[in-house]
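Novice: When you get a sec, could you give me coordinates for this:
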Amino acid sequence: MRLAVCAEMVFLDRPIEERIRRIDELGFEAEIWGWATKDLDALAKTGATISSMTGYLTGTLADPDGARELLRTARLSLEAAERLDCARLNLHGTGLDERGLPVVPAAEVTPAMWLTAARTLERLADLGEQAGRVFTLENLNTAVDHPGVPFARASDTIALVEAVGRPHLRLNLDLYHAQIGEGNLIELVERALPLIGEIQVADVPGRREPGTGEIHYPAVAAALRRLGYQGVVGLEAWASGSPDEALARFRDAFTQD
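Specialist: Coordinates of the predicted model:
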């Protein structure tokens, strides 16, 4: 397994380039969210491996106008990913505002929305294949962080990625969100394994590093080793105290037998 750390959530007293340098110095890959407000040249000059970033600026999966906008900004995101040599571009069911709330909430997801979402994801897979990049569809939780987001549950994202059936569309299986929404994390990983492009982690409650809450991440790590998972595990969590100590706890959870 390769370990990555979201630079948006640690070393918050430093500029983003310095956060990424520190993450790299500690031996992790780095991940970012939105790229449009960042100095891409400065990020590239850090020399760090930036392994994931948000793959769109605006738009939605499940209505025609929103899908056109999502595809337009996904093309721009692929250009940014090329400059950063970033392998994976992350997606959600709809755009999120600065509080994590859906720009276009959905009280109900209709059959027509499912069909539109699948068709949009097929087109994104085409774009990813042309660019040599992978789009990942992330599950979210609606109970705590992202109420009203369509296609939020892991079961929803699994169904969509399976329906598309393309190697340039994978799951970003976020176990923090899945614990809040569904639980049974090891069974979920076993079910989703052939579709996974990345796994993200944080503990529950609080969205902090492993060891601060109820999830026994060493057991999850053992299951991933048993299953032969060799992809990225990304820490998308706030540090409970010292960021260096939080990252050490994350490393320990996923490297100790």
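
Novice: list the helices and strands the helix or strand hosting Leu89 packs on?
Specialist: Assigned by DSSP states H and E, Leu89 belongs to strand 88-91. Applying 3 or more CB pairs under 8 Å, 6 or more residues apart in numbering; DSSP states H and E, one finds that strand 88-91 makes contact with strand 50-54, helix 64-84, helix 111-131, strand 134-138, strand 169-174. Glycine gets a C-beta too; all of them are placed from N, C-alpha and C.

Novice: Go again with 10 Å.
Specialist: Secondary-structure packing of strand 88-91 (3 or more CB pairs under 10 Å, 6 or more residues apart in numbering; DSSP states H and E): strand 50-54, helix 64-84, helix 111-131, strand 134-138, strand 169-174, strand 196-201, strand 232-235.

Novice: closest one to Leu40 among these?
Specialist: Minimum separation from Leu40 across the helices and strands packed on strand 88-91 (CB to CB) falls at helix 64-84, 4.9 Å.

Novice: Pull out the buried positions in that closest one.
Specialist: 66-67, 69-71, 73-74, 77-78, 80-81, 84 (16 or more other CB atoms under 10 Å).

Novice: Same check on stretch 250-257?
Specialist: Buried, per 16+ other CB under 10 Å, within stretch 250-257: 250-251, 253-254.

Novice: try stretch 207-221
Specialist: Buried, per 16+ other CB under 10 Å, within stretch 207-221: 207-213, 215, 217-218, 220-221.

Novice: Just the ones in strands from the residues you listed, please.
Specialist: Residues of these located in strands (DSSP state E): none.

Novice: can you tell me which of the residues you listed lies nearest to Pro105?
Specialist: Arg207 (21.2 Å).

Novice: The closest one and Leu235: what is the separation?
Specialist: To Leu235, Arg207 is 11 Å away according to CB to CB, to the nearest Å.

Novice: Over to Pro243?
Specialist: For Pro243, the distance to Leu235 equals 10 Å [CB to CB].

Novice: Between those two, which is the more surrounded one?
Specialist: Leu235 (28 against 22; other CB atoms under 10 Å).

Novice: Quick one: residues contacting the more buried one.
Specialist: 3-6, 9-10, 23, 28, 31, 176, 200-202, 208-210, 246-247, 249-251, 253-254 (CB atoms under 10 Å, 6 or more residues apart in numbering).

Novice: Helices - which of the residues you listed land there?
Specialist: 23, 176, 246-247, 249-251, 253-254 (DSSP state H).

Novice: In CSV, list the residues you listed along with pLDDT and distance to Pro150.
Specialist: Shown next, in CSV, are those (pLDDT from 0 to 100; distance: CB to CB, whole Å):
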residue, pLDDT, distance to Pro150
Ile23, 98, 32
Tyr176, 98, 19
Ala246, 98, 32
Leu247, 98, 33
Arg249, 98, 34
Phe250, 98, 30
Arg251, 98, 35
Ala253, 97, 32
Phe254, 97, 31
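
Novice: beta partners of the residue nearest the centre of the chain?
Specialist: For the chain, the residue nearest the mean C-alpha position is Asn172 (4.9 Å; CA atoms, centre = their mean). Judged by DSSP bridges, the bridge partners of Asn172 are Glu138, Glu198.

Novice: Hmm, Met53 and it touching each other?
Specialist: No - look at Asn172 against Met53 with CB atoms under 10 Å: they stay out of range, at 11.5 Å.

Novice: Give me the common contacts of the two.
Specialist: Looking at what touches both Asn172 and Met53 (by CB under 10 Å, 6+ apart), the common residues are 88-90.

Novice: on that earlier part again, closest to Thr116 among the buried residues of stretch 207-221?
Specialist: Arg207 (30.7 Å).

Novice: Can you give me the neighbour number for Leu173?
Specialist: Neighbours around Leu173, by other CB under 10 Å: 29.

Novice: That one and Leu195 touch, don't they?
Specialist: Yes - the pair Leu173 and Leu195 qualifies as a contact (CB under 10 Å) at a distance of 8.2 Å.

Novice: Overlap of the contact sets of those two?
Specialist: Between them, Leu173 and Leu195 share the contacting residues 136-137, 157-158, 161, judged by CB under 10 Å, 6+ apart.
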